[in-house]
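Peer 1: The following block contains a protein sequence and its predicted model.
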Amino acid sequence: MLRLIDGYNRFQREVVAKRADFFEGLGRGQSPEALFITCADSRVVPDLITQSDPGDLFVVRNVGNIVPPFGDFIDGVSSGIEYAVMALEVRHIVVLGHSDCGAMKGTLHPEKVKAMPAVASWLRHAESARCVVEENHTHLKTEGERLQALIAENVLSQIDHLRTHPSVAAKTRRGTLELHGWVYDVATGRINAWDAGARQFLPLNRLAAEEPAAALQSVA
């Protein structure tokens, strides 16, 4: 805890003091460009990954970067989505999965979360992704391959859930909101993004360099 307090002191001294006008502006309101729905994993830091400033991203974090379908029950994720889309009018929503995801390990092996009933109940929202892997990725033999496939399929599954939210459905149909699926590799810092045209995840930096429009396009 002392290390965290020391970090706060340095933040005040070396960051806030040098950018006082910037922080004063933040105190008057926010206008983020994108909503990031990410895992609560401590290794996944959207602001660091995208090199964003405070105020650039509206972030909703939970175990497994999960989006419950609308109407299932009202929760913090649903209210965060609604607020970001309707009140803040974000133009992009990114569902960000990541390598070595403990939530997806628990989805593959429910016995691992049996002693955590709240987690087990929450992970039922990833069941459709698990079924996709079980039915369509039978060629994958190793645990690591199956986990990586589930991480990617879960991102796509949660985007499907996003579309059940009325605010998201209305804005995407109008063309004022884009949905994106990304998978972050913790060990390398690289991101693969879903390419709707190619129907596969491709390196985000390659898409941005070779096909900027593809990197920005909505998941179809």
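Peer 2: Thanks, I have the structure now.

Peer 1: Quick check: mean pLDDT of stretch 84-95?
Peer 2: Averaging pLDDT along stretch 84-95 gives 98.

Peer 1: pLDDT weak spots in this structure?
Peer 2: Across the chain, the ranges flagged by pLDDT under 70 are 72-73, 207-220.

Peer 1: To what extent is Asn62 buried, counted in neighbours?
Peer 2: For Asn62, the neighbour count with other C-beta atoms under 10 Å is 19. C-betas here are computed from N, CA, C, even on glycine.

Peer 1: try Ala17
Peer 2: With other C-beta under 10 Å as criterion, Ala17 counts 10.

Peer 1: Distance of it relative to Arg10?
Peer 2: For Ala17, the distance to Arg10 (C-beta to C-beta, to the nearest Å) stands at 10 Å.

Peer 1: got it, and Val16?
Peer 2: According to C-beta to C-beta, Val16 and Arg10 sit 10 Å apart.

Peer 1: Could you name every residue contacting both of these two?
Peer 2: Counting by C-beta atoms under 8 Å, 6 or more residues apart in numbering, Val16 and Arg10 have no common neighbour.

Peer 1: can you list the domain ranges for this protein.
Peer 2: Under the assignment automatic domain parsing, the domains of the chain span 1-30, 32-216.

Peer 1: okay, those, which one's buried deepest?
Peer 2: Among the domains of the chain, ranked by average contacts under mean count of other C-beta atoms under 10 Å, first place goes to domain 32-216 (a mean of 17).

Peer 1: where's that one relative to the chain centroid, distance-wise?
Peer 2: Distance, stretch centre to chain centre, for domain 32-216: 4 Å (C-alpha atoms, centre = their mean, to the nearest Å).

Peer 1: show me where this protein has helices.
Peer 2: 2-10, 20-26, 46-50, 76-82, 102-108, 117-122, 127-136, 143-162, 166-174, 204-210, 212-216 (DSSP state H).

Peer 1: other SSEs contacting the fifth one?
Peer 2: Based on contacts counted as 3 or more C-beta pairs under 8 Å, 6 or more residues apart in numbering; DSSP states H and E, the elements that helix 102-108 packs against are helix 117-122, helix 127-136, helix 143-162.

Peer 1: could you check the angle helix 143-162 makes with the second one?
Peer 2: Compare the direction of helix 127-136 with that of helix 143-162 by axes from the mean of the first three to the mean of the last three C-alpha atoms, to 10 degrees and you get 130 degrees.

Peer 1: measure stretch 56-68 end to end?
Peer 2: Terminal residues of stretch 56-68 lie 25 Å apart, using C-alpha to C-alpha, to the nearest Å.

Peer 1: again, but for stretch 65-75
Peer 2: End-to-end distance for stretch 65-75, by C-alpha to C-alpha: 14 Å.

Peer 1: Which one of the helices and strands packed on helix 102-108 lies nearest to Leu48?
Peer 2: Between Leu48 and the helices and strands packed on helix 102-108, the shortest separation by C-beta to C-beta is 19.5 Å, and it involves helix 143-162.

Peer 1: What helices and strands are in contact with the closest one?
Peer 2: strand 92-98, helix 102-108, helix 127-136, strand 178-184, strand 191-195.
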